[in-house]
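>>> build the 3D model from these lines:
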Amino acid sequence: MPLPFFFKGFVIGISIAAPVGPIGVLCIRRTLSEGRTSGLMTGLGAATADAIYGSIAGFGLTFVSNFLIHQQSWLRLIGGLFLCYLGLKTFWTRPTHQVALTDRKGFIPIFTSTFFLTLTNPMTILSFAAIFAGLGVGSTHGNYVSAAVMVLGVFTGSLLWWYILSRGVSFLGDKFNVVRIHYIHWISGFIILAFGVIALSGWKG
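Residues are numbered from 1 along each chain as shown. Presented below is the predicted three-dimensional model:
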């Protein structure tokens, strides 16, 4: 029955997305300054990358995961530099009194930035491998239907978390004035920059 695989994937998706990290901070900041849809698009990029990593683990593509693990030093460098860039950009961004309206073209870089950041995080594939093993999932042993259903569960669980986060932050955002949002920009920019520095500190060329 493929249905239990969906629930297992659903749990994995939430477990990967829920811990607060640079993507979570970025989602909160974008929701407050650019609106709930921008926050949700931020999460959609992360959920799509999670689904790709879920496919690697679920379909038993060990050659792909081994390649990514062996290249984690360069992935750490690329992701760390991009986090530093986003942190500095967030720190120096000046909020306005009204939530910025982002057109559809503006949603593309929002999506791709978090998609790229999640893919270049070497800890993501390690987290998927650990959680898959902990839940006793492992490879679906050539059952592509079960693997596809489990990946759908991963994507759904991850996206649901980002929806709840962006929705909740948007609800609370009405209580923030421009001064408070400015402080949030400073704090979130510093946190994202700190994540980037930590990633770069572990790089081995």
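
>>> by contact count, what packs against the host helix or strand of Gly79?
Element membership of Gly79 [criterion: DSSP states H and E] is helix 72-92. Using 3 or more C-beta pairs under 8 Å, 6 or more residues apart in numbering; DSSP states H and E, the elements in contact with helix 72-92 are helix 22-34, helix 104-119, helix 122-134, helix 178-201. Placement of C-beta: from N, CA and C, glycine included.

>>> least confident of the ones you listed, on average?
Least confidently modelled of those is helix 122-134, at a mean of 65 by mean pLDDT.

>>> with only the CA atoms kept, save stretch 192-204 in CSV.
Extracted in CSV, the C-alpha atoms of stretch 192-204 (Å, rounded to 0.1, in the frame of the first residue of the first chain):
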residue,chain,number,x,y,z
ILE,A,192,21.6,34.9,7.9
LEU,A,193,25.1,36.3,7.7
ALA,A,194,26.1,34.3,10.7
PHE,A,195,24.8,31.1,9.1
GLY,A,196,26.9,32.0,6.0
VAL,A,197,30.1,32.6,8.1
ILE,A,198,29.5,29.3,9.9
ALA,A,199,29.2,27.4,6.6
LEU,A,200,32.3,29.1,5.3
SER,A,201,34.3,28.3,8.5
GLY,A,202,33.8,24.6,7.7
TRP,A,203,35.0,24.8,4.1
LYS,A,204,38.1,22.8,3.2
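
>>> show me which positions of that stretch end up buried.
Ile192, Leu193, Phe195, Gly196, Ala199, Trp203 (16 or more other C-beta atoms under 10 Å).

>>> how about the third one: what's its closest non-neighbour residue?
The shortest distance from Phe195 to any residue that is not its chain neighbour, by C-beta to C-beta, 6 or more residues apart in numbering, is 4.2 Å, and that residue is Pro22.

>>> what's near enough to touch the one you found?
For Pro22, the contact set (C-beta atoms under 8 Å, 6 or more residues apart in numbering) comprises Leu83, Leu86, Leu117, Ile191, Ile192, Phe195, Gly196.

>>> surely the fifth one is in contact with Cys27?
No. With contact defined as C-beta atoms under 8 Å, Ile192 and Cys27 do not form a contacting pair (11.2 Å).

>>> go ahead and confirm Thr112 touches Gly45.
Yes. Proximity of Thr112 to Gly45 meets the contact threshold set by C-beta under 8 Å, at 6.5 Å.
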